[in-house]
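Q: My questions are about this predicted structure, shown below with the sequence.
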Amino acid sequence: MNPTPVARLTQRKDYLAANAGKRAPMPGFVLIVRARDDADPLMRVGITVSKKVGNAVIRNRMKRRFRVLAREVLPEAGLPGADHVLIGRAGGVERPFDDLKAELVKALGKIKR
């Protein structure tokens, strides 16, 4: 099975629309997934980390980790034709990468049900 291509969310209106989707809170992040219903199998991913999480260095490190996480997990486990938004939580940057990966797979499983 070919993995579904993944693109990035870039516009604020897309983030606002995704906010109405299904949520799966995890210890390191909150995953929001909203089906676009536009017959396009392209998955889109958005990442947001607020200032509550930490300073710019910590927020950027967390966003880098989330980008790698999305690149590894979403093509196989994500929902085709949907927008996926990862919202960083305060404890997420200290969590081991393997734990974050397992949590993302678990969160996607919850949303698919």
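A: Okay, I see it. Note that this is a predicted model, so its numbers are computed, not measured. Residues are numbered from 1 along each chain as shown.

Q: Partner strands of the least confident helix or strand in the chain by mean pLDDT, with direction?
A: In the chain, the helix or strand scored least confidently by mean pLDDT, DSSP states H and E is strand 6-8, which has a mean of 87. Strand 6-8 sits in its sheet next to strand 43-48 (parallel), going by DSSP bridges.

Q: Next, the angle from whichever helix in the chain runs longest to strand 43-48.
A: As assigned by DSSP state H, the longest helix anywhere in the chain is helix 56-77. Relative orientation of helix 56-77 versus strand 43-48 (axes from the mean of the first three to the mean of the last three Cα atoms, to 10 degrees): 160 degrees.

Q: Check which helix or strand L31 maps to.
A: strand 29-35 (DSSP states H and E).

Q: follow-up on the earlier one: after the longest helix of the chain, which helix or strand is next?
A: strand 82-88.

Q: how close does the most centrally placed residue in the chain sit to Q11?
A: Centroid-nearest residue in the chain, with Cα atoms, centre = their mean: L86, separated by 3.2 Å. As for L86, its distance to Q11 is 17 Å (criterion: Cβ to Cβ, to the nearest Å). Every C-beta, even on glycine, is put in place using the N, C-alpha and C of the backbone.
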